[in-house]
Structure formats: structure tokens, C-alpha cells
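Visitor: Build me a structure from this.
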Amino acid sequence: MKAEEEYILTTKIFCGLDGAMMVGVGGTSKTGKVHHYSKCGNQIYKKACDKKTVQKAWIERRVVALTRDFVLRDEVIDRLADAVVELQKRENTAIPFLNRQLGDIEKRIGNLINSIEEGIASSSVKQRLEDLETKKADIEISLAREKIEQTPLSKEQVVFWISKFKDGDIDNQEYRKAIIDTDGISD
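Guide: From the prediction side, this is the model:
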């Protein structure tokens, strides 16, 4: 039976025997106690794997402990922060694309204005000019948003954020979830 328990490692752990994704399952013992496990997806759906089930609490605690012990060390955090800062320096591909689109629209607008100045001014030309002006405004807004979102984090900010994960309680489910999902820990 599929369990209703939250499995924070779902989509993140895989069977060591065949590489299939491990799936959260639950079962009830003869005494009525509910147990939660991770089980190889191929064992569940294809009956094609001999991997034994792994207790949910044990594997979650183990993954969080290993993450904290091997990743959340000052020297690793320092290297991670350097990598994040370097990654931020890479060019945003959206900005050049939007700039090319903007240049193309401005060229078309210029051509239509030249046509109007030469006396070729039908209602369809005027409508097309209005449409292009609207597209130009939309692209300029998108370009401004991309430039605002591109504000880089400093190394110190990255180190501070990652370091917030160092000293949590491995037995606290919210801390475990924050480590696994990396969506942050409450301040």
C-alpha cells in the first residue's frame, strides 16, 4: 500500500542494485503498528528487484547527517560560495536575446516610419506601427525585469545562507526537510 506519510527523499534516492527510483511505502505489522519505508520502484511495479526495503526514518537521518558532516563544513561551504559567485558571472542568455529582439523591432519601426514619410501611409501600416510599438514596450519591460533579477549575491551572502544549515537538529523533521529540499530554514 502507498503511504500517506511525507517522504522527503522521494525523487532523490535510487536503488543501489538497478538504479530505479526508490518509492515511499507504508505497511502495518501484525500488531497494528504502521511502518514507513523506501522501496525500489522496480520491485513495486515490475517485481524485478531484490533490494530490501529501507526504513524511512533511518535513511532520512543518514542522508541529512552525511550532508551535514561532508558538505556543511567551512572549507566546502567556501568552495560552494566561490562556485556560486563564478556561476553568477556567466552571461544571462535572456538579456542578449531580448536585446536582439528589441533591435529587430526598432529596425522594423524605423522602416515603417520611413514608409510613412514617403507617403505610403495606409491604415494597415499605422496599425502595424502601433503593434510594433506595443511589442517594443513589452520587450523593454522584460529586459528591465531580467536586469533587476540579475543582481548577484556576494560570496559573504552565499556563505551566510549555506551556513544557516550547519547547526540544525538532525532529529527535527523541518530541519531534515530544509536540508533535503534546500528551500531554506526559517530565521
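
Visitor: Tell me where the longest helix sits in this protein.
Guide: Using DSSP state H to assign secondary structure, the helix with the most residues in the chain is helix 123-149.

Visitor: low-scoring stretches of the protein, by residue?
Guide: Counting by pLDDT under 70, the chain contains low-confidence residues at 1-4, 91, 182-187.

Visitor: got the residue ranges for the strands in it?
Guide: For the chain, the strands defined by DSSP state E occupy 22-28, 34-40, 54-55.

Visitor: For the first one, buried residues please.
Guide: Across strand 22-28, burial judged by 16 or more other Cβ atoms under 10 Å covers 22-25. To be clear about C-beta, it is placed using only N, CA and C from the backbone, and glycine gets the same treatment.

Visitor: Also stretch 31-49?
Guide: Of all the residues in stretch 31-49, those buried under the rule 16+ other Cβ under 10 Å are 36-43, 49.

Visitor: What is the end-to-end distance of that stretch?
Guide: For stretch 31-49, the separation between the terminal residues is 28 Å (Cα to Cα, to the nearest Å).

Visitor: R62 versus the residue in the chain sticking out farthest from the centre, what's the distance?
Guide: Ranking residues of the chain by C-alpha distance from their mean position (Cα atoms, centre = their mean) puts G119 at the top, at 53.4 Å. Going from G119 to R62 by Cβ to Cβ, to the nearest Å gives 79 Å.

Visitor: Could you do S29 as well?
Guide: Counting by Cβ to Cβ, the separation of S29 from R62 is 23 Å.

Visitor: more neighbours, those two?
Guide: R62 (13 against 8; other Cβ atoms under 10 Å).

Visitor: how far away is the more buried one from K47?
Guide: 27 Å.

Visitor: Over to I120?
Guide: In this view, I120 and K47 are 74 Å apart by Cβ to Cβ.

Visitor: Could you do V158 as well?
Guide: Distance check for V158 against K47: by Cβ to Cβ, it reads 46 Å.

Visitor: want to throw the buried residues of strand 22-28 into JSON lines with distance to S142?
Guide: Rendered in JSON lines, the data for those read as follows (distance: Cβ to Cβ, whole Å):
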{"residue": "M22", "distance to S142": "41"}
{"residue": "V23", "distance to S142": "41"}
{"residue": "G24", "distance to S142": "40"}
{"residue": "V25", "distance to S142": "45"}
